[in-house]
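Visitor: sequence? don't have it. structure:
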């Protein structure tokens, strides 16, 4: 519907005198628009400025550590592999031409017993909940090695005291257990892993050469060893889910130290 607004006319009278001194009355008609009388004049609103386009910050993702998606044990494995490759490149590997001595082997057994006994005592006596998961894993070695040392003593061999390497490592483990569970458990796992992967092989070779093939308790377990080790690995991965990335990094750094400490003890065999 089209609305038409008609103009409104109204006179405005006023008087003027002419030359004859006569008064003339005139009127002026003013015209206005009805719409202008009813609606006040308002200025047109200024156009609103267009909002500035927001620039989204690009989210940066942290680069994952090797093996991080699998678990902390896999991360430690990558560290151990790099360490092994570095040792091989620097000719620090242990060749088959080692000339082991019975005295060196006895020192190695004594220090190894000390380390395993220290690990077992810490997890059994500590109030730390994380260590409770590592009790009675089936991988414990201290009692078996102690039987071997008693047999060797009965065979006429003099059992030495722990070396400085063994004492230093045992003390370090005790201090570490009080300070950080992730750092201590790195040593805990790597000691058992290296013993299964390499320690028992060394002991068997030495036994064949020096002990007429005597089967030692050192490398005997009750149960399936891969399954027992897998149980420890699964528990450690589960615990590490509650660790910060900084705690995991500290755990990885201790992996290198664990292999360095154990390497010093293994070298006692050829001392």
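Guide: Okay, I see it. Remember, it's a predicted structure, so these values are computed and weren't measured experimentally.
Visitor: can you name the helix or strand that the residue nearest to residue 68 when sequence neighbours are not counted falls in?
Guide: In this structure, residue 68 finds its nearest non-sequential neighbour in residue 75, 5.9 Å apart by CB to CB, 6 or more residues apart in numbering. To be clear about C-beta, it is placed using only N, CA and C from the backbone, and glycine gets the same treatment. Per DSSP states H and E, residue 75 falls inside helix 72-89.
Visitor: list the helices and strands the helix or strand just after that helix packs on?
Guide: Next in sequence after helix 72-89, counting helices and strands by DSSP H and E, comes helix 102-125. Helix 102-125 is packed against helix 129-132, helix 142-154, helix 164-179, helix 181-194, helix 200-210, helix 245-266, with contacts defined by 3 or more CB pairs under 8 Å, 6 or more residues apart in numbering; DSSP states H and E.
Visitor: now the angle from helix 102-125 to helix 245-266?
Guide: On the basis of axes from the mean of the first three to the mean of the last three CA atoms, to 10 degrees, helix 102-125 is oriented at 150 degrees to helix 245-266.
Visitor: residue 123: which of the helices and strands packed on helix 102-125 is closest?
Guide: Closest of the helices and strands packed on helix 102-125 to residue 123 is helix 129-132, at 4.3 Å (criterion: CB to CB).
Visitor: in the closest one, which residues are buried?
Guide: 130, 131 (16 or more other CB atoms under 10 Å).
Visitor: which elements pack onto that helix?
Guide: Counting by 3+ CB pairs under 8 Å, 6+ apart, helix 129-132 packs on helix 102-125, helix 181-194.
Visitor: related to what we said a few turns ago, and residue 84, which of the helices and strands packed on helix 102-125 is closest to it?
Guide: helix 245-266 (8.2 Å).
Visitor: can you name every helix or strand that that closest one contacts?
Guide: Against helix 245-266 (3+ CB pairs under 8 Å, 6+ apart) you get helix 72-89, helix 102-125, helix 164-179, helix 181-194.
Visitor: hmm, 6 Å instead?
Guide: Contact partners of helix 245-266 among helices and strands, from 3 or more CB pairs under 6 Å, 6 or more residues apart in numbering; DSSP states H and E: helix 72-89, helix 164-179, helix 181-194.
Visitor: by how many degrees do the first one and helix 181-194 diverge?
Guide: Just to be clear, that refers to helix 72-89. 60 degrees.
Visitor: can you give the contact residues for helix 72-89?
Guide: 65-68, 233, 236-237, 240, 248, 252, 255-256, 259 (CB atoms under 6 Å, 6 or more residues apart in numbering).
Visitor: angles on the backbone of the closest residue to residue 107 other than its chain neighbours, please.
Guide: Counting by CB to CB, 6+ apart, residue 107 lies nearest to residue 268, which is 4.3 Å off, once chain neighbours are set aside. Main-chain torsions, residue 268, degrees, to the nearest 10: phi -60, psi -20.
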